[in-house]
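Participant: How does the following fold in three dimensions:
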Amino acid sequence: MASDTHALATVEHSPVGSLAHDTRGGISNPVLGMLLFITSEVMFFAGLFAAYFNVRAAAPQWPPVNPETGEAFHLAILPLVGPATVILILSSFTCQMAVWAIRRDDRVGFIRAIAVTFTIGVVFLLMQAADYILLAEEGITLSAGTFGTTYFTLTGFHGAHVFGGAIMLGVVLYRGMAGQFSARHHDAVEAASLYWHFVDVVWILLFSLLYLLPGK
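Facilitator: Down below sits the predicted model:
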């Protein structure tokens, strides 16, 4: 009994034994909340994809004919959509690099990577807006039948999510520059990165569906 009491006292007075017990464990609340939010967004986009496939399957020809030109609607990958897709995919890597950097307490690397990711997000939105202008000149608008409606609904909602993600990244960048994140406290960074990866995956699916899937 005396030896046990001595051992307990030794542990309590050691540097490790004096540390406060970590009661958290598991997934943090910000990350868990983001995962639940992303789950709801997956169901939202699944509904949009289902609506698109339903409209596409019911149409006798897809893409349908543009009544203004008498030719089938055509979505060009170049000069904007293809490069925009490449840089958005690249932003997922820079975002993850920011997460890895803050995990090892490299705040300079973290701020640089988040700044690059934020900039890419803004550039993607500008390129999407420019592409909308080019499409409008070719007669592809929101009112251009089912094709225009489905295209702008899908890409428009995705663009809104990119805008929201850019705001998240901007807030994370601001807080990071203020020194609010460290290797021990960076749950907001993890949550924002999960959302940004989700946005990228959705765009890859949209790009494949709208630009690469053969017509009928």
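
Participant: Tell me where this structure is predicted with low confidence.
Facilitator: 1-26 (pLDDT under 70).

Participant: cutoff 50 now
Facilitator: Counting by pLDDT under 50, the chain contains low-confidence residues at 1-23.

Participant: Quick one: list the elements packing against the longest helix seen in it.
Facilitator: Determined from DSSP state H, the single longest helix within the chain is helix 145-177. Contact here means 3 or more C-beta pairs under 8 Å, 6 or more residues apart in numbering; DSSP states H and E; on that basis helix 145-177 packs against helix 29-58, helix 81-103, helix 107-137, helix 187-207. C-beta here means a position set from N, CA and C on the backbone, and glycine is covered the same way.

Participant: list the contacts for the residue nearest to V42 when sequence neighbours are not counted?
Facilitator: Excluding the flanking residues, the one nearest V42 by C-beta to C-beta, 6 or more residues apart in numbering is F198, at 7.9 Å. By C-beta atoms under 8 Å, 6 or more residues apart in numbering, F198 lies in contact with I38, E41, V42.

Participant: now do N29
Facilitator: N29 touches D187, counting by C-beta under 8 Å, 6+ apart.

Participant: Over to T117?
Facilitator: S91, T94, C95, A98, L169, W196.

Participant: so which of those would you say is closest to G33?
Facilitator: W196 (15.6 Å; C-beta to C-beta).

Participant: which residues touch that closest one?
Facilitator: Listed by C-beta under 8 Å, 6+ apart, the contact partners of W196 are S91, S92, C95, T117, G121, G165, M168, L169.
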